[in-house]
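Student: here is my input; please provide its structure:
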Amino acid sequence: MSNATHEHGPDCGCESCGDPSSMDFLDKYLTVWIFAAMAVGVGLGSFVPPVTEPIRDLHLVEIGLVAMMYPPLAKADYSRLPTVFSNWRVLGLSLVQNWLIGPTLMFGLAVFFFSGLVPGLPARPEYFLGLVFIGMARCIAMVLVWNELAEGSTEYVTGLVAFNSLFQIVTYGVYVWFFGLFLPPLLGMESLVAGITTFDVSPVQVFRAIVVFLGIPFAGGLLTRYVGTRTRGEEWYDEAFIPTIDPLTLVALLFTVIVMFATQGENIVAAPGDVLLIAVPLTIYFVVMFFVSFGMGRGIGADYSTTTAIGFTAASNNFELAIAVAVAVFGVGSGVAFATVVGPLIEVPVLLALVNVALYFQRRFDWRGFDTGNLEPTTADSPTDD
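Tutor: Model (predicted):
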């Protein structure tokens with residue numbers, strides 16, 4: 001998050017504005033590290049298949065996801081959350097993006113690519129449902145990391161993820177039923193859901209996933225800030241402790257990428273065509289959602305850090321939930337589960353590219369006068385002094 005007191009804009013060049021020359025070594029070559037981690041993971045899964053067994057048994061992917069979310073959530077200033085939750089322009093925009101635009105766009109892409117209605121694209125009901133399961137599972141987990149890398153608002157992304165997660169508990173089952181079972185027959189695509197009468201998705205399943213992937217790091221971050229600021233003071237916490245734990249996000253991200261790609265290394269090598277086939281609509285989805293949401297955030301006058309939080313919250317999905325439900329309903333070897341597993345493998349490189357796009361927008365656009373959502377105390381006195 002940008003806390004600088006000068007005016008950001010084109011050719012700003014400061015570290016807070018993402019000037020590449022001012023980044024540290026790990027940040028500067030992050031793209032290289034990510035692609036290297038992907039290659040290592042695929043190599044491990046392909047040439048040393050037994051390695052996937054301890055990864056699953058020890059829940060290393062889940063541990064990596066929780067670990068990489070801890071620093072952003074420890075950094076969040078929770079005293080500002082009431083201000084976040086009182087900003088109905090931002091909350092309302094996030095709801096529209098996450099529960100109207102996102103699911104509708106993913107359903108449209110699933111129909112286009114996998115319904116068989118488009119010449120040259122045969123019907124693939126299992127991949128159609130896989131995309132529906134992904135599209136209805138909204139932001140969590142990695143969105144915190146992408147937002148952190150793009151210097152978005154930690155407080156807004158924390159609030160928006162929590163807000164949408166609570167909404168998700170009661171809506172996920174309804175959404176997958178509506179878009180996966182109700183709409184296809186209504187639109188003359190009965191064959192896509194032939195023989196399926198129910199998905200049997202309970203709020204408890206959704207709640208369990210949210211508790212693991214948001215509740216644990218959230219509780220850890222909140223507790224750390226509470227104890228740290230009260231025993232050593234806010235200055236020590238912000239200037240000594242946070243910089244110490246900050247690298248954990250990138251280290252845990254690289255670890256998670258390695259173990260995640262290792263578990264799917266054999267599938268990627270065995271069916272690269274299917275991976276690419278699923279990757280196309282997912283890539284379109286991520287890119288469209290990010291640019292539309294980022295544009296809508298700037299359209300309501302939000303500052304850069306808030307706009308970035310809005311954009312990544314809408315562009316990211318809760319793959320952990322989608323995978324868990326797909327496996328529970330259709331089995332681990334099903335095409336539906338395979339499609340959901342491909343999701344995070346595509347999200348990593350695409351969202352990483354969008355992080356660089358966001359940082360470019362931070363430098364390229366003049367953000368003076370965009371103060372909706374700004375949490376800095378000086379904003380009320382000087383709207384253009386961000």
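Student: my read: residue 41 touches residue 256, true?
Tutor: No. Applying Cβ atoms under 8 Å, one finds residue 41 not in contact with residue 256, separated by 9.5 Å. The C-beta positions use only the backbone N, C-alpha and C, and glycine is treated the same way.
Student: how far out from the middle of the chain is the strand or helix carrying residue 266?
Tutor: Secondary structure assignment for residue 266, by DSSP states H and E: helix 265-270. On the basis of Cα atoms, centre = their mean, to the nearest Å, helix 265-270 sits 24 Å off its chain's mean C-alpha point.
Student: quick one: average pLDDT of that helix?
Tutor: Average pLDDT, helix 265-270: 82.
Student: now that helix: buried residues?
Tutor: 265, 267-268 (16 or more other Cβ atoms under 10 Å).
Student: which is the next helix or strand following it?
Tutor: helix 272-299.
Student: and that following helix, what does it pack against?
Tutor: helix 88-96, helix 102-114, helix 125-136, helix 304-315, helix 335-364 (3 or more Cβ pairs under 8 Å, 6 or more residues apart in numbering; DSSP states H and E).
Student: list the helices and strands the shortest one packs on?
Tutor: Yep, that's helix 88-96 we're talking about. Checking 3+ Cβ pairs under 8 Å, 6+ apart, helix 88-96 ends up next to helix 154-177, helix 272-299, helix 304-315.
Student: so can I have a markdown table of those showing mean neighbour count?
Tutor: Formatted as a markdown table, these follow (neighbours: other Cβ atoms under 10 Å):
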| stretch | mean neighbour count |
| --- | --- |
| helix 154-177 | 22 |
| helix 272-299 | 19 |
| helix 304-315 | 30 |
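Student: which one of those helices lies closest to residue 324?
Tutor: Taking Cβ to Cβ, helix 154-177 is the member of the helices and strands packed on helix 88-96 nearest to residue 324, at 11.0 Å.
Student: quick one: that closest one to helix 125-136, angle?
Tutor: Interaxial angle, helix 154-177 versus helix 125-136 (axes from the mean of the first three to the mean of the last three Cα atoms, to 10 degrees): 140 degrees.
Student: buried residues of the next helix or strand after helix 154-177, list them for me.
Tutor: Per DSSP H and E, the first helix or strand lying C-terminal to helix 154-177 is helix 183-186. Within helix 183-186, the residues that count as buried by 16+ other Cβ under 10 Å are 183-184.
Student: averaged pLDDT, helix 183-186. What do you get?
Tutor: 91.
Student: name the residues that touch that helix?
Tutor: Outside helix 183-186, the residues that touch it by Cβ atoms under 8 Å, 6 or more residues apart in numbering are 107, 115, 128, 190, 192-193.
Student: out of those residues, which end up buried?
Tutor: Among the contacts of helix 183-186, those scoring as buried are 107, 115, 128, 192-193 (criterion: 16+ other Cβ under 10 Å).
Student: pretty sure residue 163 contacts residue 85?
Tutor: Yes. Counting by Cβ under 8 Å, residue 85 is a contact partner of residue 163 at 7.3 Å.
Student: hey, what's in contact with both of the two?
Tutor: With Cβ under 8 Å, 6+ apart, residue 163 and residue 85 have common neighbours residue 91.
Student: endpoints of stretch 265-276, how far apart?
Tutor: The straight-line separation of the ends of stretch 265-276 (Cα to Cα, to the nearest Å) is 14 Å.
Student: can you check stretch 90-105 too?
Tutor: Stretch 90-105 has an end-to-end distance of 21 Å (Cα to Cα).
Student: now swap in stretch 176-193 and tell me
Tutor: End-to-end distance of stretch 176-193 (Cα to Cα): 12 Å.
Student: shaky segments in the stretch 201-350 of the chain?
Tutor: Applying pLDDT under 70 to the stretch 201-350 of the chain flags the ranges 201, 332-333.
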